[in-house]
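J.: show me how the following folds:
(chains A, B and C)
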Amino acid sequence: MVKERFYQHLGPLSLIDLVGAIDVEFPEGQFTDIQIHNAAPVDQASSVDITYLEGKKSLKRSAACVAAVCLVHAGKAHLVGGKNILALISKHPRADFAKVLQRMYVPLGYGEEQTTDFAHVKLAQGVVVGAGAEIGAGTSIGPNSVIGPGVKIGENCQIGANVVMEFCQIGDGCKIHHGAILGGTGFGVALTDQGGVDIPHVGSVVLGDNVSIGCNTSVDRALFGETRIGDGSKLDNLIQIAHNVTIGKNCMFAAFVGIAGSANIGDGVLMGGGAGVPDHISIGDGAILLAQAGPIRNVPPGEIWGGAPATPVREQLRQLSAIRKLVKKKPSAK
Amino acid sequence: MVKERFYQHLGPLSLIDLVGAIDVEFPEGQFTDIQIHNAAPVDQASSVDITYLEGKKSLKRSAACVAAVCLVHAGKAHLVGGKNILALISKHPRADFAKVLQRMYVPLGYGEEQTTDFAHVKLAQGVVVGAGAEIGAGTSIGPNSVIGPGVKIGENCQIGANVVMEFCQIGDGCKIHHGAILGGTGFGVALTDQGGVDIPHVGSVVLGDNVSIGCNTSVDRALFGETRIGDGSKLDNLIQIAHNVTIGKNCMFAAFVGIAGSANIGDGVLMGGGAGVPDHISIGDGAILLAQAGPIRNVPPGEIWGGAPATPVREQLRQLSAIRKLVKKKPSAK
Amino acid sequence: MVKERFYQHLGPLSLIDLVGAIDVEFPEGQFTDIQIHNAAPVDQASSVDITYLEGKKSLKRSAACVAAVCLVHAGKAHLVGGKNILALISKHPRADFAKVLQRMYVPLGYGEEQTTDFAHVKLAQGVVVGAGAEIGAGTSIGPNSVIGPGVKIGENCQIGANVVMEFCQIGDGCKIHHGAILGGTGFGVALTDQGGVDIPHVGSVVLGDNVSIGCNTSVDRALFGETRIGDGSKLDNLIQIAHNVTIGKNCMFAAFVGIAGSANIGDGVLMGGGAGVPDHISIGDGAILLAQAGPIRNVPPGEIWGGAPATPVREQLRQLSAIRKLVKKKPSAK
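T.: The predicted structure is shown next:
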């Protein structure tokens, strides 16, 4: 599941080694050392994997857990009880899981030399290409851009100057403009008594064909799996796309649009400048968010929403009109 | 009109070659192959040029059309009828015009070698300078910055690190801070049945003297003509200036200001953080937009506007006060 | 006070040399040339330094002035009168002080060669390191990043690709993601009859341990002193932190958060996407600003605020509810 073109998978690892330095309680008697193949979310971990339970999202899915080992709060251990799952009691299951991820998967390095032959593509001065990267015919890469290990770029793409692309695969005919960053780590912090622990992101970014990414826009890679942008979608400058977001085909976003983690954007969605979508929210096919709109619940297909918090635009206009009338009726005493 | 310091002009080209691969209908009988010199908007195309009609802005100006050839929807062909203009019927005139632009103008490359002599300026390590660039005395350029072909930089400028400058001419005493991007392509997409087509931008960016551009700010080049920022204007970090915007002298914009395409900002305009100006809107001399203001119509000179949608600040304060009173009068039943 | 690891201090300088080319009036008779050691704000200048008075903040502190020389408006000269302070009458004290700063302190250059030995750290291709930089063991630096003169990086830090770090000192275990910029000049402009003069920033940026800075985020250095971010704080992508801001420990800010100059953020503060804090505002420990919140006064510890202008969230919800009811009661005539 974690792509080997980007990450070295160190598993299987002995459970003792894997969690040795982490402050967890092994249940008495029951334990024998086992080999752990992967670390995965609760609904994706197989019977040789380690997972964790913490937070609404994972707790809701605990019934589906078939992992070999589960990091879990003492008070929630019953959720994986009686199921042949080894429950390791942790004060901070997500933070401990973050440490497990770090031991299990190591991002591949750039390598000593650029061994791949890129005679067929135009690499400008100062371009750095990591080991195992693939670049399609007709693609050009601007000065001082950085193409990470294992990155795959399709044909006839235009990559600008000072671009960074890591952990990503992009289709044909894409345009990645100056200063854009694809595949940066997602923003995920697990809280502990001693402050936050950064959660390693071991996913990737996948762009379809003919996608445009504007200057200084950033698209974070997924925690697990993929952050995805569909064919023909066009993103303006200075946009933020967080980890695990899915964006459909032929969307158009203006500058300063921000899409938070795991939001799901349909096909043909238009967003004005500064519109922001919270995490896990869905925006239906063909919907339009006006500039600076901030929906806080799902937006149905085809609707036009504005305001913050956003409402259907007709409702927004009524509210604005009502406020204007209110002022006229009761002129300030001044 | 398209500056030859930045673009190779391939014209004149045979019309047959120019539109051969595009799905347009030639009117029967009437056609003889002709040479097309330039591609230009409807109000700028001369009698040896090709233009298009699509969208309110160009349709309004159709009467002024004197082009040799015009890409136009079947239903609008009468607008250029009887005028010695060859009307080519297209389903997507703007998208087809985008393809014409791509064939007519080719951005100049960086060249194999930096042949220009820059002994008189301080180029830091990793700087890449394109062919034909000119850099004035006393100017310094920080590490890993990229100066595109034909770019002209005045005297005593300070260019930071990891800056990208393409298709631009800047005056004396300018400061372009780290990560800023001048001359990226504008955001323009022509819609078709098969999704959007990026419109090639063949214009430039022109900065006056003593202009400051903040870190990671981007200023897009014009579609045609120039995106302009006047003498002494100061832009903070992470600002977006879109294609064809005009900004006057001595303006000051805080971070996250966004100015959409073809907006027109006067002299001495102040904008607080996150203020956003929609496309084609004018902000008068000396006007002030408060933080997060979102005007949706022209702002007269000298006025102070706030809110989104923005109103004169006195009106905004009345509205906020009325809303507060409303809450006090009718306490929530809870 | 101005750190010599970043700036060459040219003082002491003769007052005549220092202000010779500046349009100031020396009081008749009284003057004898003296040596000026430093330029500093009015409350920090010692008896061998030069300072200025202009603007509410410095005027309020004029009583504390013990400087040798003070640039001041004619109408305010009495504020430093009778105190053995040489008052130089200036039309634009702040702008003239900016010129003094420029003569007194010169940022150190990158140097001809990277003389420091970095065998113990992983520098990727294209990395530029300035003279006098220190990098701790276990730290890695991504391709094409720029580490300025005198910069100090702790142990086990991960610096991404295309990062720029100047005038900064960061602790252990920090993660600075791709395209982030630490230590860019603050945004400060002194107004004059002839437009604005950029104020040289001679301060620095100081990060604690385990701080994360997102992609394309920028943190400006202080005018004097330090812009500070405390241990364990995590900033997402595309955030703006202005000069002289103080951020406590274990804060978490989402994308597009903007903190204006000299704002003071406590420990454990959370901010949603697009929240903006004006200059000189304080946000108390443990406070939460919702997405797009725009407080215009101090936010007490532990409170949750939303809206723009922001209010405590309970008040915001009441206002939103009142507006919704208003619309229901008086349906638009349409």
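J.: show me the shaky parts of chain A.
T.: A:29-31, A:113-117, A:329-334 (pLDDT under 70).
J.: try it again at 50.
T.: A:332-334 (pLDDT under 50).
J.: most proximal residue of it with respect to chain C?
T.: A:Gly195 (3.5 Å; Cβ to the nearest Cβ). Heads up, the C-betas are built off the backbone N, CA and C, glycines and all.
J.: neighbours around that residue, how many?
T.: 19 (other Cβ atoms under 10 Å in any protein chain shown).
J.: what sits against the closest residue to it other than its chain neighbours?
T.: Distances taken as Cβ to Cβ, 6 or more residues apart in numbering or on different chains place C:Gly232 nearest to A:Gly195, at 3.5 Å, with adjacent residues excluded. Each residue near C:Gly232 by Cβ atoms under 8 Å, 6 or more residues apart in numbering or on different chains is listed here: A:194-196, C:208-211, C:249-250.
J.: the residue of chain A closest to chain C contacts C:Met252, correct?
T.: No: using Cβ atoms under 8 Å, A:Gly195 is not in contact with C:Met252, being 10.1 Å away.
J.: give me the element the residue in the stretch 151-300 of chain A positioned nearest to chain B is part of.
T.: Taking Cβ to the nearest Cβ as the measure, the stretch 151-300 of chain A has A:Gly232 as its residue closest to chain B, at 3.5 Å. A:Gly232 is part of no helix or strand when elements are defined by DSSP states H and E.
J.: now do A:Arg318
T.: Short version, using DSSP H and E: A:Arg318 is in helix A:313-329.
J.: do that helix and chain B meet at all?
T.: Yes: using Cβ under 8 Å from any Cβ of the partner chain, helix A:313-329 comes into contact with chain B via A:320, A:323-324, A:326-327.
J.: what does that helix contact?
T.: A:290, A:304-307, A:310-311, B:309, B:315, B:318-319, B:322-323, B:326, C:323-324, C:326-327, C:330-332.
J.: cool, stretch A:39-46 as well?
T.: Contacts for stretch A:39-46 (Cβ under 8 Å, 6+ apart): A:1, A:37-38, A:49-53, A:58, A:61-62, A:64-68, A:70, A:97, A:100-101, A:104-105, A:224.
J.: which of those residues fall in helices?
T.: Among the contacts of stretch A:39-46, the ones falling in helices (DSSP state H) are A:58, A:97, A:100-101, A:104.
J.: would you list those residues in CSV and tack on distance to chain B and neighbour count?
T.: Shown next, in CSV, are the ones in helices among the contacts of stretch A:39-46 (distance: Cβ to the nearest Cβ, whole Å; neighbours: other Cβ atoms under 10 Å in any protein chain shown):
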residue, distance to chain B, neighbour count
A:Ser58, 33, 22
A:Phe97, 33, 28
A:Val100, 35, 22
A:Leu101, 30, 21
A:Met104, 33, 25
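J.: can I get those residues in TSV including distance to C:Met165?
T.: Shown next, in TSV, are these (distance: Cβ to Cβ, whole Å):
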residue	distance to C:Met165
A:Ser58	37
A:Phe97	31
A:Val100	31
A:Leu101	27
A:Met104	30
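J.: can you tell me which of those residues comes closest to C:Gly294?
T.: Nearest to C:Gly294, judged by Cβ to Cβ, of the ones in helices among the contacts of stretch A:39-46 is A:Ser58 at 33.9 Å.
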